[in-house]
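Undergrad: just the structure for this:
(2 chains)
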Number of protein chains: 2
Amino acid sequence: MVLLFGAAGYVGRAIAGALREAGLDVAAPTRADLDLTSRDALSAWLGGIPKPEFAINAVGFTGRPNIDGTEVEKWHTLRANTVVPGVLAEVLGAAGIRWGHVSSGCIYHGSRPDGSGFIESDEPEFAVFDPRAGWYARTKWMAEKLLAGAPGVLIWRLRIPFDSHDNERNYLTKLMRYDRLLEVRNSISQLGEFAAAAVASMHERIPDGIYNATNPGSILTSEVAAALARHGICRKQFEYFRDGEEFLSAPGRVFRASCILDPSKLAACGIRMAEVHESLERTLREWKRA
Amino acid sequence: MVLLFGAAGYVGRAIAGALREAGLDVAAPTRADLDLTSRDALSAWLGGIPKPEFAINAVGFTGRPNIDGTEVEKWHTLRANTVVPGVLAEVLGAAGIRWGHVSSGCIYHGSRPDGSGFIESDEPEFAVFDPRAGWYARTKWMAEKLLAGAPGVLIWRLRIPFDSHDNERNYLTKLMRYDRLLEVRNSISQLGEFAAAAVASMHERIPDGIYNATNPGSILTSEVAAALARHGICRKQFEYFRDGEEFLSAPGRVFRASCILDPSKLAACGIRMAEVHESLERTLREWKRA
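TA: Numbering: from 1, shown residues only, chains lettered A, B, ... in the order given. Have a look, this model is predicted:
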């Protein structure tokens, strides 16, 4: 049996699907069942169930309607993104339960000096000392620091999830709703592949630690827009912001990091995600409107 | 009746003394009575007592034996310094209870460009984007951000507390235990004066917001050492680190911010602390060995 926290969310639903597809029993307490910011509540709840094989934390808050919302709801953001993994580390660690945490690539900006993707041992300088880093990136970075070196913990770094179901949390849906886009290069994560990779890394018992879980390569905003048009999903003629500065001139808008991550550590464990353009093509072929 | 959280700590004991001196009843739940990281526990506990006039949060973790310890105990540090004030803001706010929070000047480094002290509206750049900022400064900064603009909340910024009782948390005791010192200029807080200022600002109902609560002026490490010698308290011939770089070369040592704060916003509310050299002289005249 696998415990799944945050199963009602966009990422959690995909992980629940991947676990069930792998034939595993899933116990997924809801927020009403269990306050995950409380060590006592989690300890008591765990005491009432058989010891799980593994636990997965898919709890997180990325803002409503977008990341700008995390600047307004700072306390909620900190609880979901930092306090919950801190409580899990303490309580699951004491109970000897292996677990995995969904982290984020948003703690990086850009690429390594030679243009290649960041690897797991690169210091996430953006979240640490870039004045443009917002509250969200800081809370995700803090969670990684809390879990660093903890035995029995896997950290999967997700980045801009997308899948074939029209949904307000899906990158493709979000992009289609805007009239003006910002041209940036990013590594992104096909959500189903991400979820399958998380489940596989649990099964394969890969070594503890951090793993970038993005599709290999990187993609420009305009390439995604062109693919949407080519598949007849969105024929909108997008305008583009002149640059990041113009994009940020709207009130309340927080700087967005864009970055390239290198997922070869995960691939070296035998867990591969498809090249990003291939994965996008397949996703668009399977596109289902809401 | 005034609620005091963290009454068993170095700062809390001084505040408890100042409250009692002002003739106020103090309710001071201990850590065994109440888990302040739990919203439910705090709500339930508050439901069982008469509504207090005011509450004061003196909970905080500054590391054992010193600030370097906060890098090792990250989770404990985050809970004490950020989660507790977050919980208090939520629960006391909902209950309509005014309260004050002990923050820290450690979120700044240096002085304003003209050499004067930082004022409350200056962005704490050190904690926000100086790569040298440690976990402690980040957790204190996050708490200030969580409380920013909350109605009915006072934030008092304490900085390097000292008093006339030999104690491992007292700056003067700490300094005497070292053989080598780092020469830096700082604003510092005489603890009894700080506690009296906190109580006075509660009584006077000064406007909500942040207040630097340090003794006016600034002082060099060597001036403090000379004063200790002059009073016959410590005749050690201190050596000095060549510079901050040499100081930091010891393993596990985190960068210490040093800074000048301007307490004139508090003074403008009629709450004055003594000039720093005067306050140190008086404290040393009253020195009591442990």
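Undergrad: where does A:Ser279 land in three-state SS?
TA: Recorded secondary structure, A:Ser279: helix (DSSP: H, G, I helix; E, B strand; the rest coil).
Undergrad: was I right about it contacting A:Met273?
TA: Yes: under the criterion of C-beta atoms under 8 Å, A:Ser279 makes contact with A:Met273 at 6.9 Å. Where C-beta positions appear, they are placed from N, C-alpha and C, glycine not excepted.
Undergrad: so what sits against both of those two?
TA: By C-beta atoms under 8 Å, 6 or more residues apart in numbering or on different chains, A:Ser279 and A:Met273 have these common neighbours: A:190, A:193, A:215.
Undergrad: I figured the last one hits A:Leu191, correct?
TA: What that stands for is A:Asn215. No: checked against C-beta under 8 Å, the pair A:Asn215 and A:Leu191 is beyond contact range at 10.6 Å.
Undergrad: remind me what the helix or strand of chain A at the bottom of the mean pLDDT ranking packs against, helices and strands.
TA: In chain A, no helix or strand scores lower on mean pLDDT, DSSP states H and E than helix A:125-129, which sits at a mean of 84. Judged by 3 or more C-beta pairs under 8 Å, 6 or more residues apart in numbering or on different chains; DSSP states H and E, helix A:125-129 is in contact with helix A:135-147.
Undergrad: list the contacts of the helix it packs on.
TA: A:60, A:62-63, A:67, A:70-71, A:74, A:77-78, A:81-82, A:85-86, A:89, A:101, A:103-104, A:106-107, A:124, A:126-128, A:153, A:155, A:210, A:254, A:257, B:74-75, B:78, B:135, B:138, B:142, B:145.
Undergrad: mind checking how far that helix is from the chain centre?
TA: 13 Å (C-alpha atoms, centre = their mean, to the nearest Å).
Undergrad: pLDDT averaged over it, what's the number?
TA: In this model, helix A:135-147 has a mean pLDDT of 97.
Undergrad: next structured bit after it?
TA: As assigned by DSSP states H and E, the chain's next helix or strand after helix A:135-147 is strand A:153-158.
Undergrad: who does that following strand pair up with?
TA: strand A:99-104 (parallel), strand A:209-212 (parallel) (DSSP bridges).
Undergrad: quick check: which of those is buried the most?
TA: Of all the strands paired with strand A:153-158, strand A:99-104 carries the top mean neighbour count, a mean of 26, counting by mean count of other C-beta atoms under 10 Å in any protein chain shown.
Undergrad: for it, give the mean pLDDT please.
TA: 98.
Undergrad: contacts for that strand, please.
TA: Here strand A:99-104 makes contact (C-beta under 8 Å, 6+ apart) with A:3, A:6, A:11, A:15, A:54-58, A:60, A:85, A:88, A:92, A:137, A:140, A:143-144, A:147, A:152-159, A:198, A:201-202, A:210.
Undergrad: what's the answer for stretch A:111-124, then?
TA: With contact meaning C-beta under 8 Å, 6+ apart, stretch A:111-124 is reached by A:105, A:107-108, A:141, A:144, A:157, A:187, A:209-212, A:218, A:259-265.
Undergrad: mind checking which of those are buried?
TA: Those of these that meet the buried threshold are A:105, A:107-108, A:141, A:144, A:157, A:187, A:210-212, A:218, A:259-263, A:265, by 16 or more other C-beta atoms under 10 Å in any protein chain shown.
Undergrad: what residues does chain A put near chain B?
TA: Listed as neighbours of chain B in chain A under the rule C-beta under 8 Å from any C-beta of the partner chain: A:35, A:37-41, A:74-75, A:78-79, A:82-83, A:86, A:89-90, A:125, A:128-131, A:133, A:135, A:138, A:142, A:145-146.
Undergrad: and the strands in chain A?
TA: Secondary structure of chain A by DSSP state E: the strands cover A:2-5, A:26-27, A:54-57, A:99-104, A:153-158, A:161-162, A:180-181, A:185-186, A:189-190, A:209-212, A:219-220, A:239-240.
Undergrad: paired strands for the third one, with orientation please.
TA: I take that to be strand A:54-57. Looking at strand A:54-57 with DSSP bridges, its partner strands are strand A:2-5 (parallel), strand A:99-104 (parallel).
Undergrad: so how far is the least confident helix or strand of chain A from its chain's centroid?
TA: Using C-alpha atoms, centre = their mean, the offset of helix A:125-129 from its chain centre is 18 Å.
Undergrad: buried sites along it?
TA: Here helix A:125-129 shows A:126-128 as buried, counting by 16+ other C-beta under 10 Å.
Undergrad: swap in stretch A:87-96?
TA: Applying 16+ other C-beta under 10 Å to stretch A:87-96 flags A:87-93 as buried.
Undergrad: nearest spatial neighbour of the residue nearest to the spatial centre of chain A, chain-adjacent residues omitted?
TA: Residue closest to the average C-alpha location in chain A (C-alpha atoms, centre = their mean): A:Leu158, at 3.1 Å. Among residues not flanking A:Leu158 along the chain, A:Ser189 sits closest, at 4.9 Å (C-beta to C-beta, 6 or more residues apart in numbering or on different chains).
Undergrad: can you pull the contacts of that neighbour?
TA: Going by C-beta under 8 Å, 6+ apart, A:Ser189 touches A:158-162, A:213-215, A:273.
Undergrad: so how many other residues sit close to the closest residue to chain B within the stretch 151-290 of chain A?
TA: Relative to chain B, the nearest point of the stretch 151-290 of chain A is A:Phe255 (12.2 Å; C-beta to the nearest C-beta). Other residues lying near A:Phe255 total 17 when counted by other C-beta atoms under 10 Å in any protein chain shown.
Undergrad: surely it and A:Arg132 touch.
TA: Yes: using C-beta under 8 Å, A:Phe255 is in contact with A:Arg132, at 3.9 Å.
Undergrad: overlap in contacts, those two.
TA: Contacts common to A:Phe255 and A:Arg132, judged by C-beta under 8 Å, 6+ apart, are absent.
Undergrad: follow-up on the earlier one: now the strands paired with strand A:54-57 as TSV including distance to B:Gly23?
TA: Formatted as TSV, those follow (distance: least, C-beta to C-beta, whole Å):
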stretch	distance to B:Gly23
strand A:2-5	49
strand A:99-104	51
